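**Q** got a structure for you, letters missing:
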């Protein structure tokens, strides 16, 4: 890869007090700098993948970039939750997209549905055209007279959720190009979409070609968002550290290198801010139990098609919010070693304790959507076991490897930034999250961050911020419940920065 250099740009917004970023008043129009921003996500990227051997281009980038050393995925640590969370700068309790599988009874009364583009359009139609209950980056940019383009090799749903209103922007994905009027132009410019039988990673190259063609240019969108769906796909199928996963890491790293080389060859390296992260980490799976099957076997759900209890991944929806049945389900789950954290609605408004004994509140994990959250949310139990390739982190979920749980191996992820509006080589020690990405982009362009947005502007990484913006502290929230068989204990570690509360991980203990 060619050498790339980012030169600092003199800040346009003066600092009123040391460490405090000057933001415009609510509703003020944007005054964008001439710099553009590229958000680059590697799906399922564990921080320990970023080595000179596995990902030389990303590793070289990291050496010069500023780092958010305490960066967080949003729980549940699944792709669609995090694509919606970063795009809206908000948690699922605000934006209302609660999993890779979701339950909307007006779409399907007895089953959870997927989150493909087609599924999401059904949700949108039955939810008064309100797929997400939070404003997105794409919408705010359009209001400011700018646009956002998404380039994704992942699922259609993941791509769509990054800019679901599309507006004057675009979504370019191998199976979904929006607006549809752009499709013929894209295919003519970069070639047909790779078909089945093509090289296993051809879709990543095709998407990177589109990014280079439409995003990384002088007159391109103010914000481009690139999302490559490996190493996630390969690790799911073959395991963390497998030959296939390693090959996938190398390929997506090459595409990142191509993007950087394109900026350099066009003389744009010092005109682009680059933000690199991922949706979640990864763990090895060693489980054998299916949640829905367990509930049926225990007589807590009638059958797989019944609507008395509906399971959407780890979320459990109980018909009519039957309190007796909810408590019975929780007590049965507490006995099971494969079950980790259990969350329920808050005991009272704002409480960190769940209303069912031995549970923590949805408020701990920012999951308490007023209309869409279920009655119970569970995460699989986890441990620090090491797999056959030397990677730590195992949970008791079925399959080969994956994510979605509340372990630090899934929650704690990488954040790297570089470019004219960011410091160079700075290591931020304050907690950050994927929900902070959109507010930070808005902060670059002095676009007001909506008061309803959950995330913060990561001012400590900005070139124009001279001092840090506060001190974080750790907090542990605990609950326990005693049964005839023994005691179930649950704790959640949080990082607290002023009004912002970041969920680090949960831990479960049983004494039998």
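**A** On my side now, so go ahead. Not measured: the values here are computed from a predicted model. Residues are numbered from 1 along each chain as shown.

**Q** same for whichever helix or strand residue 93 is part of, what does it pack against?
**A** Assessed by DSSP states H and E, residue 93 sits inside helix 92-95. Judged by 3 or more Cβ pairs under 8 Å, 6 or more residues apart in numbering; DSSP states H and E, helix 92-95 is in contact with helix 79-88. For every residue, glycine as well, the C-beta is placed using N, CA and C.

**Q** residues in contact with the helix it packs on?
**A** Identification of contacts with helix 79-88 by Cβ atoms under 8 Å, 6 or more residues apart in numbering yields 39, 41, 43, 73-75, 91-92, 94-95, 97-100, 115, 132, 134-138, 154-155, 157-158, 161-164, 227, 232, 277, 279-280, 433-435, 437-438, 453.

**Q** in strands only, show me those.
**A** Residues of those located in strands (DSSP state E): 39, 41, 227, 277, 433.

**Q** tell me which of those residues is nearest to residue 353?
**A** Nearest to residue 353 among the ones in strands among the contacts of helix 79-88 is residue 433, at 22.8 Å by Cβ to Cβ.

**Q** quick one: distance of stretch 150-164 to the chain centre.
**A** 12 Å (Cα atoms, centre = their mean, to the nearest Å).

**Q** stretch 408-428 too?
**A** The mean C-alpha position of stretch 408-428 is separated from the chain mean by 15 Å, Cα atoms, centre = their mean.

**Q** distance of residue 129 from residue 114?
**A** Remark: distance between residue 129 and residue 114 (Cβ to Cβ, to the nearest Å) = 20 Å.

**Q** okay, these two: which has more neighbours?
**A** The neighbour comparison of residue 129 against residue 114 (other Cβ atoms under 10 Å) goes to residue 114, with 14 against 7.

**Q** what residues are up against the residue nearest to that one when sequence neighbours are not counted?
**A** The shortest distance from residue 114 to any residue other than its chain neighbours is 6.1 Å, reached at residue 101 (Cβ to Cβ, 6 or more residues apart in numbering). By Cβ under 8 Å, 6+ apart, the contact list for residue 101 reads 112-115, 312-313.

**Q** can I get those in JSON lines including pLDDT and distance to residue 242?
**A** Formatted as JSON lines, these follow (pLDDT from 0 to 100; distance: Cβ to Cβ, whole Å):
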{"residue": "112", "pLDDT": "98", "distance to residue 242": "29"}
{"residue": "113", "pLDDT": "98", "distance to residue 242": "31"}
{"residue": "114", "pLDDT": "97", "distance to residue 242": "26"}
{"residue": "115", "pLDDT": "98", "distance to residue 242": "26"}
{"residue": "312", "pLDDT": "98", "distance to residue 242": "29"}
{"residue": "313", "pLDDT": "97", "distance to residue 242": "24"}
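
**Q** scan those and report the most crowded one.
**A** Most neighbours among the contacts of residue 101, by other Cβ under 10 Å: residue 115, with 27 neighbours.

**Q** surely that residue touches residue 154?
**A** No: using Cβ atoms under 8 Å, residue 115 is not in contact with residue 154; the gap is 11.2 Å.

**Q** where do the helices sit along this structure?
**A** Taking DSSP state H as the criterion, the chain contains helices spanning 56-64, 79-88, 92-95, 117-126, 137-143, 156-161, 183-190, 202-210, 232-238, 243-265, 291-297, 323-335, 408-411, 437-444.

**Q** now the fourth one: buried residues?
**A** Think helix 117-126. For helix 117-126, burial by neighbour count (16 or more other Cβ atoms under 10 Å) applies to 117, 119-120, 122-123.

**Q** what's the neighbour count on residue 206?
**A** Residue 206: 23 neighbours (other Cβ under 10 Å).

**Q** pull up the gap between it and residue 172, please.
**A** Here the distance between residue 206 and residue 172 works out to 9 Å (Cβ to Cβ).

**Q** same deal with residue 203?
**A** Residue 203 is 11 Å from residue 172, by Cβ to Cβ.

**Q** and those two? which has more neighbours close in?
**A** Comparing residue 203 with residue 172 by other Cβ under 10 Å, the one with more neighbours is residue 172, at 26 against 22.

**Q** and the residue lying closest to residue 151 once chain neighbours are set aside, how far from residue 490?
**A** In this structure, residue 151 finds its nearest non-sequential neighbour in residue 211, 4.3 Å apart by Cβ to Cβ, 6+ apart. Applying Cβ to Cβ, the value for residue 211 to residue 490 is 43 Å.

**Q** higher neighbour count, the two?
**A** More crowded of residue 211 and residue 490, by other Cβ under 10 Å: residue 211, with 28 against 24.

**Q** which ones are touching that one?
**A** Per Cβ under 8 Å, 6+ apart, neighbours of residue 211: 151, 224, 226, 259.

**Q** just residue 240 next, same as before
**A** Contacts of residue 240 (Cβ under 8 Å, 6+ apart): 46, 282-284, 387, 389, 391, 401.

**Q** for the residue nearest to it when sequence neighbours are not counted, grab the count of nearby residues.
**A** Once flanking residues are discounted, residue 240 sits nearest to residue 391: 4.6 Å by Cβ to Cβ, 6+ apart. Number of residues near residue 391 (other Cβ under 10 Å) recorded here: 22.

**Q** pull the contacting residues for residue 391.
**A** Applying Cβ under 8 Å, 6+ apart, the residues near residue 391 are 46, 48, 240-241, 284.

**Q** the residues you listed: which two are farthest apart?
**A** Based on Cβ to Cβ, the longest span within the contacts of residue 391 runs between 48 and 284 and measures 13.3 Å.
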